[in-house]
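> could you work out the structure for the sequence below:
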Amino acid sequence: MKKGQVTITDLAKELNVSPSTISRALNNSPFISEERKKVIMDLAKKMNYSPNQLALSLLNKRTKILGVVVPEITSYYFSTAINGIQDKVGSSGYKLMISQSNESFEEEIRLMEAMALVRVDGFLISPSSNTTTFDHFEKIKSSGFPLVVFDRDCLGFEADKVVVDDYSGAFQAVEYLVKTGCKRIAHIGGAASLSTTQHRKMGYLDALAKNNVSIVDELIINGEDSSSESGVTCMLSLLNLEVIPDAVFCYNDAIAIGAMSVIRERGIQIPEEISLVGFDDEPYSSYFKPSLTSVWQPIYDLGLLSAKILLDNLMADNESSSYRYEVLKPELMIRESSKKLPI
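Numbers count the residues shown, from 1 in each chain. Below is the predicted model:
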């Protein structure tokens, strides 16, 4: 018996009938007797026959595959978003082709081109931290692929987008720090090119301004990336100032955890001497000592809604002339790393 994938031709040779007869039987044609259908179906099962999905996709002009490109797959944030995407598309018969750009602009382009070549039906993209131009997105759109951008906005690029209100989350966090009595509030940002970095910094600045707290340039510092190592490096710089901060609002939880390790190594008390707030509310945040105050984001819903919009586009009879811009609301989760509001 032939090794490799069994084809309709192989089944036809076994039964000495035409391939078209096999095809009609497998598709439950009324022109094939029930007795012959049973013989063919039994043989197909015995020989482990499965339909050629590529051929079917070419026939139907759909592969039923969606391309997903994220900066990293293993992080809690993006793995949770992917879970939301998967749960939404699973019931629709779609499969996911998932890749990570590793925060590389060049890799992002390469991945999208490769996915386009295998004719995925659409794209769900969270841009890399080094993506500052969007010609590759425009190329994908002009080639007829529907595309949804999620988490990180692409300012100036028109497409369906689903993001979290980073500005609101940062504003909530910093205003809370002000109300607990903090006066010298520092900010450790992420990669400067990211829309999320920019929006969180603006929320930080506006919360200080609204509450008449001085904005001090030396207290604002950006890490090279969003890692704990950046938190360590930036926090060391802040602690080497002549007057150290009494609070630090961090771009994300990873940076906050790096900052926390430095503060504790210096023997500085959290939150008595320095309050600390992160962003993302990752599961480990509540298990640190002290537990980390952080801004919770509806990450699963972010993935779920992004997938829904893409599926809606794929199922629509006509292409929409407008784009959806959905903004999900975060919430501040207060724990031990920040002072309590005065009674």
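> check which helix or strand Ala186 maps to.
In this structure, Ala186 is located in strand 185-189 according to DSSP states H and E.
> name the surrounding residues that touch that strand.
The contact list for strand 185-189, computed with C-beta atoms under 8 Å, 6 or more residues apart in numbering, reads 174, 177-178, 197, 200-201, 204, 208, 213, 219-223, 230-231, 234-235, 238, 245-251, 255, 259. (C-beta placed from N, C-alpha, C; glycine too.)
> now, which of those residues lie within strands?
Among the contacts of strand 185-189, DSSP state E puts 220-222, 247-250 in strands.
> assign Gln86 to helix, strand or coil.
helix (DSSP: H, G, I helix; E, B strand; the rest coil).
> which of the helices or strands spans the closest residue to it other than its chain neighbours?
Nearest in space to Gln86, with sequence neighbours left out and distances taken as C-beta to C-beta, 6 or more residues apart in numbering, is Leu96 at 6.2 Å. With elements delineated by DSSP H and E, Leu96 resides in strand 95-100, which encompasses its position.
> and that strand, how far out from the chain middle?
The gap between the average C-alpha position of strand 95-100 and the chain average comes to 12 Å, counting by C-alpha atoms, centre = their mean, to the nearest Å.
> and for that strand, what's in contact with it?
Counting by C-beta under 8 Å, 6+ apart, strand 95-100 makes contact with 64-73, 78, 82, 85-86, 89, 111, 115, 118, 120, all of which sit outside it.
> partners of that strand in the sheet?
When pairing is defined by DSSP bridges, strand 95-100 lines up against strand 65-70 (parallel).
> what is the rounded mean pLDDT of the strand it pairs with?
Here strand 65-70 scores 97 as its mean pLDDT.
> then stretch 186-196?
Predicted confidence along stretch 186-196 averages 94 (mean pLDDT).
> so which bits of that stretch are buried?
Within stretch 186-196, the residues that qualify as buried are 186-191, 194-196, counting by 16 or more other C-beta atoms under 10 Å.
> any idea how far it is from the chain center?
Taking the mean of its C-alpha atoms, stretch 186-196 sits 17 Å from the chain's own mean (C-alpha atoms, centre = their mean).
> would you list the phi and psi of Gly90?
When read as degrees, to the nearest 10, the backbone of Gly90 gives phi -60, psi -40.
> equivalent analysis for Lys38, please.
Dihedral pair for Lys38: phi -60, psi -40, per degrees, to the nearest 10.
> one more: Lys141?
Note on Lys141: its backbone torsions stand at phi -60, psi -50 [degrees, to the nearest 10].
> quick one, what contacts it?
Contact criterion C-beta under 8 Å, 6+ apart gives 147, 159 as the residues in contact with Lys141.
> where's it relative to Tyr76, distance?
Summarising the geometry, the distance separating Lys141 from Tyr76, computed by C-beta to C-beta, to the nearest Å, is 30 Å.
> can you turn the buried part of the contacts of strand 95-100 into a ChimeraX selection?
What follows is the ChimeraX syntax selecting those of those that are buried according to 16+ other C-beta under 10 Å:
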select :64,65,66,67,68,69,70,71,78,82,85,86,89,111,115,120
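> the closest residue to Arg264 other than its chain neighbours: neighbour count?
Closest residue to Arg264 apart from its sequence neighbours, by C-beta to C-beta, 6+ apart: Ile270 at 7.1 Å. Close neighbours of Ile270, defined as other C-beta atoms under 10 Å, add up to 21.
> list the buried residues for the helix or strand hosting Ser168?
Secondary structure from DSSP H and E places Ser168 in helix 166-179. Taking 16+ other C-beta under 10 Å as the basis for neighbour counts, the residues of helix 166-179 that come out buried are 166-178.
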